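S.K.: structure for the following, please:
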Amino acid sequence: FDRTDKVAVELDPELIDRPRRWDVNAVTRFMLMFGLSSSSFDFLTFGLLLWGYQATIEQFRTGWFVVSVLTGVIIMLAVRTQRPFFKSRPGGWLLFAAGSVAIITLLLPYSPFAKTLGFTPPTIVMLGIIATIALFYGVTMEAMKRLYYGRNAPSVWPPETHR
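M.R.: Residues are numbered from 1 along each chain as shown. From the prediction side, this is the model:
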């Protein structure tokens, strides 16, 4: 790609400077670090909704759905670059899609489809819990990314096999 190409402009320059060879061991470490971190947030969400908030079945279903989708959007935006998320702007369409998904997810419990889906409008307290979990998740994933890249120090993603 020429660096002035529309597609290339949306990527971090170091991702397109030369071809890469995948390192399966590095990818495995990446999946384990982020998978285990993400799973710990699942348990945190369960605990806060069930024991902290004392959520009903519908409230739990709603909270779990919203947290799951929002953290999915966050991790998608976080792992797309080795840089801190605020130093690598995603492409316009990706940003539009991520924002749209987040907004629809937040509005769905208030929509006419909520009852059919088993959702209930979240209270202000539940929205606070959801926002706190999502924010903490984003900060943690950025920290995990720094830990991963700091420890493995590949110059770019994908991690390369050095020969």
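
S.K.: can you pull the phi/psi pair for residue 91?
M.R.: phi -60, psi 160 (degrees, to the nearest 10).

S.K.: that one - how many residues pack around it?
M.R.: Neighbourhood size, residue 91 [other Cβ atoms under 10 Å]: 14. (Each C-beta comes from the backbone N, C-alpha and C, glycine too.)

S.K.: same check on residue 143?
M.R.: Count around residue 143 with other Cβ under 10 Å applied: 11.

S.K.: pretty sure it belongs to a strand, no?
M.R.: No - counting by DSSP: H, G, I helix; E, B strand; the rest coil, residue 143 is not part of a strand but helix.

S.K.: residue 45 versus that one, what's the distance?
M.R.: 18 Å (Cβ to Cβ, to the nearest Å).

S.K.: and what of residue 76?
M.R.: From residue 76 to residue 45 the distance is 18 Å (Cβ to Cβ).

S.K.: same question for residue 36.
M.R.: Taking Cβ to Cβ, one finds residue 36 at 15 Å from residue 45.

S.K.: mind listing what's buried in stretch 132-143?
M.R.: Neighbour-count burial for stretch 132-143 flags 133, 134, 137, 138, 140, 141 (criterion: 16 or more other Cβ atoms under 10 Å).

S.K.: can I get that stretch in PDB, CA atoms only?
M.R.: C-alpha atoms of stretch 132-143 as PDB (Å, rounded to 0.1, in the frame of the first residue of the first chain):
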ATOM      1  CA  THR A 132     -17.700   1.600  36.000                       C
ATOM      2  CA  ILE A 133     -17.200  -2.000  34.800                       C
ATOM      3  CA  ALA A 134     -16.700  -0.800  31.200                       C
ATOM      4  CA  LEU A 135     -14.300   2.000  32.200                       C
ATOM      5  CA  PHE A 136     -12.300  -0.300  34.500                       C
ATOM      6  CA  TYR A 137     -12.300  -2.900  31.700                       C
ATOM      7  CA  GLY A 138     -10.900  -0.500  29.200                       C
ATOM      8  CA  VAL A 139      -8.200   0.700  31.600                       C
ATOM      9  CA  THR A 140      -7.300  -2.900  32.400                       C
ATOM     10  CA  MET A 141      -7.100  -4.000  28.800                       C
ATOM     11  CA  GLU A 142      -4.800  -1.000  28.000                       C
ATOM     12  CA  ALA A 143      -2.600  -2.100  31.000                       C
END
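
S.K.: returning to that earlier point: among residue 36 and residue 45, which residue is more densely surrounded?
M.R.: residue 45 (22 against 10).
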